[in-house]
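Asker: one predicted model, sequence on top.
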Amino acid sequence: MGRGGAIIPPDVCIFMQHGCVERSLGLTEGCLRHCILMYVLLISGKSKEAEIKRINKELANIRSKFKGDKALDGYSKKKYVCKLLFIFLLGHDIDFGHMEAVNLLSSNRYTEKQIGYLFISVLVNSNSELIRLINNAIKNDLASRNPTFMGLALHCIANVGSREMAEAFAGEIPKILVAGDTMDSVKQSAALCLLRLYRTSPDLVPMGDWTSRVVHLLNDQHLGVVTAATSLITTLAQKNPEEFKTSVSLAVSRLSRIVTSASTDLQDYTYYFVPAPWLSVKLLRLLQCYPPPEDPAVRGRLTECLETILNKAQEPPKSKKVQHSNAKNAVLFEAISLIIHHDSEPNLLVRACNQLGQFLQHRETNLRYLALESMCTLASSEFSHEAVKTHIETVINALKTERDVSVRQRAVDLLYAMCDRSNAQQIVAEMLNYLETADYSIREEIVLKVAILAEKYAVDYTWYVDTILNLIRIAGDYVSEEVWYRVIQIVINRDDVQGYAAKTVFEALQAPACHENLVKVGGYILGEFGNLIAGDPRSSPLIQFNLLHSKFHLCSVPTRALLLSTYIKFVNLFPEIKTTIQDVLRSDSQLKNADVELQQRAVEYLRLSTIASTDILATVLEEMPPFPERESSILAKLKKKKGPGTVTDLEEIKKERSSDMNGSAEPASVNASAVSTPSPSADLLGLGAAPLTNSAPPPSSSGSLLVDVFSDSASAVAPLAPGSDDNFARFVCKNNGVLFENQLLQIGLKSEFRQNLGRMFIFYGNKTSTQFLNFTPTVICSDDLQPSLNLQTKPVDPTVDGGAQVQQVVNIECVSDFMEAPILNIQFRYGGTFQNLSVKLPITLNKFFQPTEMSSQDFFQRWKQLSNPKQEVQNIFKAKHPMDAEITKAKIIGFGSALLEEVDPNPANFVGAGIIHTKTTQIGCLLRLEPNLQAQVSVSVSTA
């Protein structure tokens, strides 16, 4: 029973028993008693009106106390301010009491100051006129060196987090953070407060000497300080990686001490037998801001830490509590994310893949989901792709048996990511089987992925045609126009599949019920290539026409318009059924059709078939010419389907494996000494459609003295971004991946090369929620490079929405051999700040290297012939890592040459051969790589 005989409900009893109100609001016993009594009185009311009446009465009483002649003591003022705060938390508006709360800040009593800060944090607006008084009180508390008062002031700054607060204290808080006499609890609060201000107003937090000192907080003995500092440094390093580069070695050292310690060593920070799991996760995330450490000692220590984390995951659990497994798995998944980010340790990548494979059949749904999601990323690594493929049966089983639709969707994503030429038919077949029972929400995405995989890995295009027609049969409603447009383009561009496609669609159209998309494909293909199957009595011209016309009245207007175009094509292909078709066109249902488009087509086609001669008809209605090669519209559709905010569109930039290196599926059977000039028909990528122009900006006129001081274009080209050289080196043996990434922008590449021509797709992803304005990427060639390399770039949209991605196409022509690489300069405005960065664009001479097969006899005969000193280069160097045969083979293939097996008498040696194609000449190259037991490697290259 409460005062006045009111019954206190169970929830209030719990509040009183456990002190929830006291802990959350910091109330003293007296304030807590007043708030509970008020709550009891409120809930004892019979209606909402009674509650409001009671609240208004209490507010009137508090207002009278504040305006009374008698000055209130600190306790009373605290009590009434606390009541106002409580009333506000109940959902009622408060329009007075702010000044009294500010007055409490000057009190020397902790409880009064605490209530004052709490009221201000919750109720005071950042635009309030009282903000100056509040700032003065906060400055006094920060200068008091009283750790309790400093903590309250820092908490208030972080809670309000306004720009005014940042302007007032952003310069003071770093000094408190790095001061030697600051207590640990204050350092924690200062680090988190500075993090809050940096997130809200990054331009107001000055970088200075404190940045080098704050890094050393990672070595602090107090793990709470280390945890807070790690959060701060991670955010700062994302925008200023160079200034915090020294944090890598300290983070690795601290992580090593945590990982190798026993749970009893860190008792205060051990969570269910897992030492400092939150700090471990934060340190691992900090390391993901940087590439792998260059120092061998640091790199080795980090590798040991990651191996230890993977080993602990294999140990039996020390507790059956779910909290233990959650903490343990949180550290494990973050470690795997770091391994994937570095993408440099094959053994760790494979081990991570195997560990994730064990989670694929775990009883916990969340673990299965996370495992599938992480393996999608692992599948894009050249080192772990094969290991991911070993779990294909488990993933297919998950696709069939999983109850959670989100897990099934991740399984589809993983199958898509692990697909290559060796398993494409199996994966496509399983996706088609699943499509029949798939959730409607993901059917369109599955359709797009099946269409992309069928096209990308089609060795036999008859299989591709069968797959797409089956796709239309199973999920015709979800087959977008981009899909059937694409199959038409491929059939028209490939003579070897046209007859088969015509026969297949003719047979498919004979089904009693056909989807309208199948009618569209059938109408188009039969209109172009129906003559290829007209010799068979079962598919004579009249039968083809009758078959299509039987579907005419069941179709929509656009499909009917397409079929009318097919009919006039039949007039040219099959003159014997001209009269039949004219009768159809002449019918009232066509000439007097209510739809203007159908009526106009019928009239024009009828008139054309009547007055045009055979030669004119043949000219006007000739076969469609081949379509120019371009990026698959289906891929663009899938990216759009994935939606903005997922810069994971870069998952499409899968790293090519072995046979797909440098865009060539099969090695060219050309002798290494062959030298010839390619013919114009070798323009395989459609680069001849427009004149190639260098994309370097033209020099400005020296006669003009006017400078547009408001233009971003006047800015000088920025120096290379940190880590640019390391990322550039990674692309020597691969064509696809992430070239650059910071907290604002992600740049991905996908490229293909054939002979002396290439095409590069550059993906710019906006990782923020703010628009990029005046977005201008420019590819720049030096004066020495311009004669050797022709580049044609297509402009991009100058505005990039938050979370969105834009694509730029660069067409490349190698004119002659070259040494340098072009520079990609990106300039844009983000939040009013001008951004300017440059990276090396990975266009190197070996990209135009085409592999060629040679026998052992031919190889060494040719090798001996190349005896001129200018034709041979040899380099001996020490390997940085142990020589792994499979990785070395993958690197040689990725470099562009063919790997010649069993050619060298010494089985430990590696031999390669290929031809470098330029516009003016072709250069045969032979390569021998000779490792020895002393970890030294000799590379010899001979050229014709």
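Answerer: Right, received. Where do you want to start? Numbering: from 1, shown residues only.

Asker: can you give me the helices in the stretch 251-400 of the chain?
Answerer: Listed in chain order, the helices of the stretch 251-400 of the chain (DSSP state H, counting those that start in this stretch) span 277-287, 296-314, 322-342, 346-359, 365-378, 385-389, 392-401.

Asker: turn the ones you listed into CSV, including mean neighbour count and distance to residue 185.
Answerer: For glycine as for every other residue, the C-beta is placed from the backbone atoms N, C-alpha and C. Below are the helices of the stretch 251-400 of the chain laid out as CSV (neighbours: other C-beta atoms under 10 Å; distance: least, C-beta to C-beta, whole Å):
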stretch, mean neighbour count, distance to residue 185
helix 277-287, 23, 17
helix 296-314, 17, 29
helix 322-342, 20, 24
helix 346-359, 20, 38
helix 365-378, 21, 35
helix 385-389, 21, 46
helix 392-401, 17, 48
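
Asker: of all those helices, which one comes closest to residue 871?
Answerer: helix 346-359 (34.6 Å; C-beta to C-beta).

Asker: circling back to that earlier point, out of the helices of the stretch 251-400 of the chain, nearest to residue 68?
Answerer: Residue 68 lies closest to helix 277-287 among the helices of the stretch 251-400 of the chain, at 50.0 Å (C-beta to C-beta).

Asker: give me the angle between the closest one and helix 296-314.
Answerer: With axes from the mean of the first three to the mean of the last three C-alpha atoms, to 10 degrees as the basis, helix 277-287 and helix 296-314 are set at 140 degrees to each other.

Asker: what sits up against helix 277-287?
Answerer: Contacts with helix 277-287, where a contact means C-beta atoms under 8 Å, 6 or more residues apart in numbering, come from 223, 226-227, 230-231, 233-234, 237, 247-248, 251-252, 254-255, 258-259, 269, 271, 302, 327-328, 330-331, 334-335, 337-338.

Asker: what's the answer for stretch 302-320, then?
Answerer: 252, 255-256, 259-260, 263, 272-273, 287, 292-293, 324-325, 328-329, 331-332, 335, 338-339, 345, 348, 351-352, 355.

Asker: and residue 132, how many neighbours?
Answerer: Residue 132 has 11 neighbours, counted by other C-beta atoms under 10 Å.

Asker: please, which helix or strand holds it?
Answerer: Element membership for residue 132, per DSSP states H and E: helix 131-143.

Asker: alpha carbons only: can I get that helix in CSV?
Answerer: The C-alpha coordinates for helix 131-143 follow below in CSV (Å, rounded to 0.1, in the frame of the first residue of the first chain):
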residue,chain,number,x,y,z
ILE,A,131,23.3,27.9,-23.9
ARG,A,132,25.9,30.5,-23.1
LEU,A,133,25.2,30.2,-19.3
ILE,A,134,25.3,26.4,-19.7
ASN,A,135,28.6,26.6,-21.4
ASN,A,136,30.1,28.8,-18.7
ALA,A,137,29.0,26.3,-16.0
ILE,A,138,30.5,23.5,-18.0
LYS,A,139,33.8,25.3,-18.4
ASN,A,140,33.9,25.9,-14.7
ASP,A,141,33.4,22.2,-14.0
LEU,A,142,36.0,21.1,-16.6
ALA,A,143,38.5,23.5,-15.0
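
Asker: in it, which residues are buried?
Answerer: Within helix 131-143, the residues scored as buried using 16 or more other C-beta atoms under 10 Å are 131, 133, 134, 135, 137, 138, 141, 142.

Asker: skipping its backbone neighbours, what lies nearest residue 582 in space?
Answerer: Distances taken as C-beta to C-beta, 6 or more residues apart in numbering put residue 609 closest to residue 582, at 5.8 Å, once the chain neighbours are dropped.

Asker: now the closest residue to residue 299 other than its chain neighbours. Its backbone dihedrals?
Answerer: In space, and not counting its chain neighbours, residue 299 is closest to residue 293: 4.5 Å by C-beta to C-beta, 6+ apart. Backbone torsions for residue 293, taken as degrees, to the nearest 10, come to phi -60, psi 140.

Asker: and stretch 841-848, end to end?
Answerer: One end of stretch 841-848 sits 15 Å from the other (C-alpha to C-alpha, to the nearest Å).

Asker: now stretch 457-464
Answerer: End-to-end for stretch 457-464, by C-alpha to C-alpha: 9 Å.

Asker: show me what counts as buried in that stretch.
Answerer: 457, 458, 461, 463, 464.

Asker: just put those residues in CSV and tack on pLDDT.
Answerer: Output for these, formatted as CSV (pLDDT from 0 to 100):
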residue, pLDDT
457, 88
458, 85
461, 87
463, 92
464, 90
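
Asker: of those, which pair is most distant in space?
Answerer: Across the buried residues of stretch 457-464, no pair lies farther apart than 457 and 461, at 11.3 Å, counting by C-beta to C-beta.

Asker: excluding chain neighbours, what is closest to residue 201?
Answerer: In space, and not counting its chain neighbours, residue 201 is closest to residue 166: 4.0 Å by C-beta to C-beta, 6+ apart.
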